[in-house]
Structure formats: C-alpha cells, structure tokens
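Colleague: Model the following, please.
(chains A and B)
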Protein chains: 2
Amino acid sequence: MPSPPLPTVRTVKDLRAVVSGWKRAGQKVALVPTMGALHEGHLSLVALARRHADHVVASVFVNPTQFGPNEDFARYPRTETRDAELLAGADCDLLFAPGVEEMYAPGFSTTVTVSGVSEPLDGAARPGHFAGVATVVSKLLIQAAPDVAVFGEKDYQQLQVIRRLVRDLDLPVEIVGAPTARAEDGLALSSRNAYLSQEERQIAPRLHQALAEAARRLREGDSIERVEATGRAALERAGFAPIDYFEVRDAETLARLEEGSSRDKRILAAAFLGKTRLIDNLGV
Amino acid sequence: MPSPPLPTVRTVKDLRAVVSGWKRAGQKVALVPTMGALHEGHLSLVALARRHADHVVASVFVNPTQFGPNEDFARYPRTETRDAELLAGADCDLLFAPGVEEMYAPGFSTTVTVSGVSEPLDGAARPGHFAGVATVVSKLLIQAAPDVAVFGEKDYQQLQVIRRLVRDLDLPVEIVGAPTARAEDGLALSSRNAYLSQEERQIAPRLHQALAEAARRLREGDSIERVEATGRAALERAGFAPIDYFEVRDAETLARLEEGSSRDKRILAAAFLGKTRLIDNLGV
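Modeller: Numbering: from 1, shown residues only, chains lettered A, B, ... in the order given. The predicted structure is shown next:
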C-alpha cells in the first residue's frame, strides 16, 4: 500500500507553525537537511533521526550558494515528487521544501564563515563552498529550531564545519553524524553517482578500497606520508584524474598531523572520474 | 530605598534556564545588549524594552572582536557594580554578564558578516568592526532567544546591520530601534564621552548641531553634495580632526544617493575630538 502523501511546507512561517505545535506538546524534533535526489543514504539519516526524536522534518533545498561558478548547480538532479514519496515511506513527518526566494530574499547580505576546519581539502578545492554550507545550515537550524539535526559522515568535512559553527553560535541543537551508507561494492551512496557512466561506476568503488587500504596501513604503523602517496597512486592507476586530495588529517580539526601523532585520524579523498567529482572518507 | 540586587547570570546555560522558564509561562522577553559603562541612554533602552515585554534582560559584554588593534578595548570603561545598580533601579529583571571565555571558547572559528550595509562609513573606518558586532549580536540573540531586542539609533549603522542579519538568518526576534538620548546641549549620550576633557566636552555638541543644520538644509532643498561639504567644514571649524565622514545616505541600506532621490535619508557623521572618536546621526 503506498504511504499517504507527505505534508509539505514551503515557507519558514508554515514550518515554524508545525514545529512549534510539536514543541508545545513537549515532543522532540529532528531535522535532516538534504539537497534532494534522495537515495538509501538519506533514508538511513531519517531512520537515525527517528531514534532521536518524536518527529522528523526533512528539508530539500538545492542551495545555490554552495556551488562554484563551474560546478553542477544547474544539472544537480531535482526529483521532488519521488523524494516526497521516499520520505513518506521512511516515516518522515514533514517536508520543508522552500524556494530560492524564500531562503534568499532580495537584499540578502549575510554570510556565516568558519575558519580553520573549513579551509583545507574541499575548502581549498571549492572556494566559497563551506561559506555557502555554513550559511544555509545556520538558517535551516534557526528556521526549524530542531532538538537534533542529522548529517551524513559521507560529507565529513561539512559535518565538522557544522559541529564547529553550532558550538560557536550557541545553536541549541545536538548534531548527530550518521555512518556513510554504501553500495555492496563499497561505493559511498551519493546523488552524484547518477552522473557516472557504466564503466565509471565499475571503477568508482576503488576510491573506498584505497581509503580502506590506507586505514589498514596506518593501523599497522606505516607513515602518513607513505600512506598518502600510496593512496594517490592507487587512484591514479584506477583512472581517477585529477585527484583533488588524498590526506590523513586530525579527525576533529582536519589540521595536518605530525608523523606519530596520537590524535584521532580521518582519511579523506576527493577525485574526479571523468566529469564527476567523488568524495569519501574513513576513520582510522 | 536602594533597589534589591539584580539577579546576574554569567553562563549561557544559566541564562537559558531563566529565560525558558519565563517563556514556558507564556511571558514575553526583551533583550538589551550593552557593553556596560551604562548611562541614561542605556536606561532609556531598558524603559523601551519594558514596554515591549514582561521581562527585560540586559547583557553587559565588552566584545573584544569589535575593537580594532589600535582602538580602546583595554581602556574601555568597565563599571559592572554600578551598571548592575543602575539596571536594578531601571526595573531590569536579569543581567547577563559573560566572561570572554564563555563567549569565545578555545577553538572559536565562526564569523557572521553582512555585506552592503556594513561596508561604508564605520565599516570603512573600522575594518572588522561590524563582523565583530554581527557575530556577537547573533550569539546573544541565539543565546537569550528574546522576543524583542532593543538597540539605540545612536549606533545607526550597527542597528541597520543587525536588522539585516536578523532578516537574513531568520532569527525569530523583533528588532526595535530606540531614539538617541541626548544631553541638554544636544550631545548624544555615549560611554566614550567620559574620555572628553572639559574643553572638548564644550565643543562636542557641535557635532549634533552640524547634523541638525544639515537636515534643515536638505529639507529646504539644498544638494547632498553641498550639505556634506558644509557639514565637514563646520566640524573642522569647531576643532574636530580628523573627520572620518559626514554623509547623507539611504536610511535603510546606507548606500550613496543620487541628488533628488526620494528615498528616506539619514545623515551620519564620525569625527575625532582629540583622541576621542564621536559618532552621531540624524533622520531627515
């Protein structure tokens, strides 16, 4: 039997009316921000959100300010009808799907930036990306005022940027990171996988394999420098080009680490397969 | 009879405990952010806040990030005991007086910036000032979650920057601007007036007089260019040096105006008397 249609709001006013009703009744609310084009990975975020709250709100907003001028904003997949069906089936309670003009009214002038953690890796490869992310996530958290918000570890640097801004701005919300959902061959689920040709899709899991191999080597005592070089070489051999980065970093701050550091580590990689940029990461 | 001592909290946690109790009881809360060194101008903000809410919280925090490296952060007057007495006498309900480490924990990395309205005038004269203001005010509004927040028109550009960021970040608070409190001779009340020598204090009201004269000339049809030149000349003759600006601007965006524009206008000035920088402004 199909799920009943998902209640949908498109304005901050309507969103707040629903959420504040739940809160007045003493019920906990979780938010799952997305850019739509939903897949099993997103639905695992909704499932995790459910475990933390009485009501789950998913937002779908393809945020123009986090795309660079030569990136894929225009062709980013938009599948709202199907997204709403998937969310209804995943026991989501409300869809918040604002238009660009609701999020960025004429005269909009405010930017939230996070120094440090947002600067290396994707911050270096995609100038302005994390300012766009930090600003729109700040807005969504202020708009929905959830008790909990769930973000995937797939976008690990984004998760750490958001943890930092929530602490710094004193936003009264608990940030929960969700483990990366993967295909059986290890490829991290991503809306951008839809861009891959059949041949590229065969190669794509090598990204996860290179990360897993790097984590194993690090645990066995290999140096950061050698692990990074080996990882880059593996991606090159597999056919990724260019490789934006393949690096071992401090798991909290994403700063570079000295060899032998006892800090928690995260290995992060970004590389192109044809025209498609894939990212992935793994804890050590 | 002296007022009973003012309840004071120093952590966000304690602030939220008090404010959320009021809100659960259905009572409206107003916030009056200050940097302390309170005078009658601040007390007029508290009185205005009272008219909008059941409870008034005043914050006192000398925010280091809005002072430039060569400005007066170290010597800015700090008079917390007296401030608390004045607030208690003004029927304020709660003082929030956090330390720097409560507002900026180790690793703090987030900045809120507002383009456009924050760029000319004090934004040009004091690089970084409005980013410091926008960040700390965002934090205070998120921390206290007031229904209403009151800011003086004395810092007119600051007020417009705050109006803009509140709209852009969707902060659920009404911003109320309070008319500038003045001494009998017209000088805008300011904590920095305490720096003035007796002789400088005699000259200081000429700033307001120049603004009033400029407003009169504009109403009578004089051109923006002539009004600005006349205003600067009047300040120079009075002994102000240097003059940072004396300008007629769009009252909302603070953009420059073409001659004959029908937009609401504001005249804003900043100039030094000896080592003390004074600012003032007037509607037309």
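
Colleague: Output the set of residues of the stretch 1-150 of chain A in proximity to chain B.
Modeller: A:12, A:16, A:105, A:107-118, A:134, A:138-139, A:142-143, A:145 (C-beta under 8 Å from any C-beta of the partner chain). C-beta: built from backbone N, CA, C; applies to glycine.

Colleague: cutoff 10 Å now
Modeller: Contact residues (C-beta under 10 Å from any C-beta of the partner chain) of the stretch 1-150 of chain A with chain B: A:12, A:15-16, A:20, A:24, A:102-105, A:107-119, A:131, A:134-135, A:138-145.

Colleague: Repeat that for the stretch 151-284 of chain A.
Modeller: When proximity is defined as C-beta under 10 Å from any C-beta, the stretch 151-284 of chain A approaches chain B at A:161, A:164-172, A:252-253.

Colleague: Could you check what's spatially nearest to A:Ala183, not counting adjacent residues?
Modeller: Among residues not flanking A:Ala183 along the chain, A:Leu189 sits closest, at 6.5 Å (C-beta to C-beta, 6 or more residues apart in numbering or on different chains).

Colleague: okay, that neighbour: pLDDT?
Modeller: Per-residue pLDDT puts A:Leu189 at 97.

Colleague: Now the terminal residues of stretch A:73-88, how far apart.
Modeller: In stretch A:73-88, first residue to last residue: 26 Å (C-alpha to C-alpha, to the nearest Å).

Colleague: any idea of the mean pLDDT for that stretch?
Modeller: Stretch A:73-88 comes out with an average pLDDT of 95.

Colleague: how about that stretch: buried residues?
Modeller: For stretch A:73-88, burial by neighbour count (16 or more other C-beta atoms under 10 Å in any protein chain shown) applies to A:76-77, A:83-88.

Colleague: if we can go back for a sec, please indicate which of the residues of the stretch 1-150 of chain A next to chain B are buried?
Modeller: Neighbour counting by 16+ other C-beta under 10 Å classes A:12, A:15-16, A:102-104, A:108-114, A:116-119, A:131, A:134-135, A:138-145 among these as buried.

Colleague: who's the residue of the stretch 1-150 of chain A found nearest chain B bridged to?
Modeller: Nearest residue of the stretch 1-150 of chain A to chain B: A:Thr110, at 3.6 Å (C-beta to the nearest C-beta). A:Thr110 has the following beta-bridge partners by DSSP bridges: B:Val114.

Colleague: In contact with it, which residues?
Modeller: Counting by C-beta atoms under 10 Å, 6 or more residues apart in numbering or on different chains, A:Thr110 makes contact with A:104, A:135, A:138-139, B:112-116, B:118, B:134, B:138, B:161, B:164-169.

Colleague: hmm, 6 Å instead?
Modeller: Contacts for A:Thr110 (C-beta atoms under 6 Å, 6 or more residues apart in numbering or on different chains) come out as B:114, B:165, B:168-169.

Colleague: Nearest to the middle of chain A, which residue? Look it up for me.
Modeller: The structure's chain A has its C-alpha centroid closest to A:Asp155; by C-alpha atoms, centre = their mean the separation is 3.8 Å.

Colleague: So it lies in a strand, does it not?
Modeller: No. In this structure, A:Asp155 is helix, not part of a strand, as judged by DSSP: H, G, I helix; E, B strand; the rest coil.

Colleague: Just confirm A:Leu278 is within a strand.
Modeller: Yes. Per three-state DSSP, A:Leu278 lies within a strand segment.

Colleague: Please determine how far it is located from chain B.
Modeller: 27 Å (C-beta to the nearest C-beta, to the nearest Å).

Colleague: That residue: how many residues sit nearby?
Modeller: 24 (other C-beta atoms under 10 Å in any protein chain shown).

Colleague: what residues are up against it?
Modeller: Counted by C-beta under 6 Å, 6+ apart, A:Leu278 has contacts A:Leu207.

Colleague: next one: A:Asp244
Modeller: A:125, A:270.

Colleague: contacts for the helix or strand where A:Arg51 lies?
Modeller: In this assignment (DSSP states H and E), A:Arg51 forms part of helix A:40-52. If you take C-beta under 6 Å, 6+ apart as the criterion, helix A:40-52 is touched by A:30, A:32, A:34, A:56, A:90, A:92, A:148, A:150, A:152, A:178, A:181, A:189.

Colleague: how about the helices of the stretch 101-250 of chain A, start to end?
Modeller: A:122-125, A:129-144, A:156-169, A:198-203, A:206-219, A:224-238 (DSSP state H, counting those that start in this stretch).

Colleague: which other helices and strands contact the shortest one?
Modeller: Using 3 or more C-beta pairs under 6 Å, 6 or more residues apart in numbering or on different chains; DSSP states H and E as the contact criterion, helix A:122-125 has no neighbours among helices and strands.

Colleague: now it: mean pLDDT?
Modeller: 96.

Colleague: Check the longest one too.
Modeller: With pLDDT averaged residue by residue, helix A:129-144 scores 98.

Colleague: got it, and the last one?
Modeller: Within the predicted structure, the mean pLDDT of helix A:224-238 is 98.

Colleague: C-alpha coordinates for it, PDB please?
Modeller: Output of helix A:224-238 as PDB, limited to C-alpha atoms (Å, rounded to 0.1, in the frame of the first residue of the first chain):
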ATOM      1  CA  ILE A 224      51.200   9.300   6.900                       C
ATOM      2  CA  GLU A 225      53.400  10.500   4.000                       C
ATOM      3  CA  ARG A 226      53.700   7.000   2.500                       C
ATOM      4  CA  VAL A 227      50.000   6.200   3.100                       C
ATOM      5  CA  GLU A 228      49.000   9.400   1.300                       C
ATOM      6  CA  ALA A 229      51.400   8.700  -1.600                       C
ATOM      7  CA  THR A 230      50.200   5.100  -1.900                       C
ATOM      8  CA  GLY A 231      46.600   6.200  -1.900                       C
ATOM      9  CA  ARG A 232      47.100   8.800  -4.600                       C
ATOM     10  CA  ALA A 233      49.000   6.300  -6.800                       C
ATOM     11  CA  ALA A 234      46.200   3.700  -6.400                       C
ATOM     12  CA  LEU A 235      43.600   6.200  -7.500                       C
ATOM     13  CA  GLU A 236      45.700   7.300 -10.500                       C
ATOM     14  CA  ARG A 237      46.100   3.600 -11.500                       C
ATOM     15  CA  ALA A 238      42.400   3.100 -11.300                       C
END
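
Colleague: Check which residues of it are buried.
Modeller: Residues A:224, A:227-228, A:230-232, A:234-235, A:238 are the ones in helix A:224-238 that count as buried (16+ other C-beta under 10 Å).

Colleague: quick revisit: settle this for me: the residue nearest to A:Ala183 is touching A:His39, isn't it.
Modeller: Yes. Using C-beta atoms under 6 Å, A:Leu189 makes contact with A:His39 at a distance of 5.0 Å.
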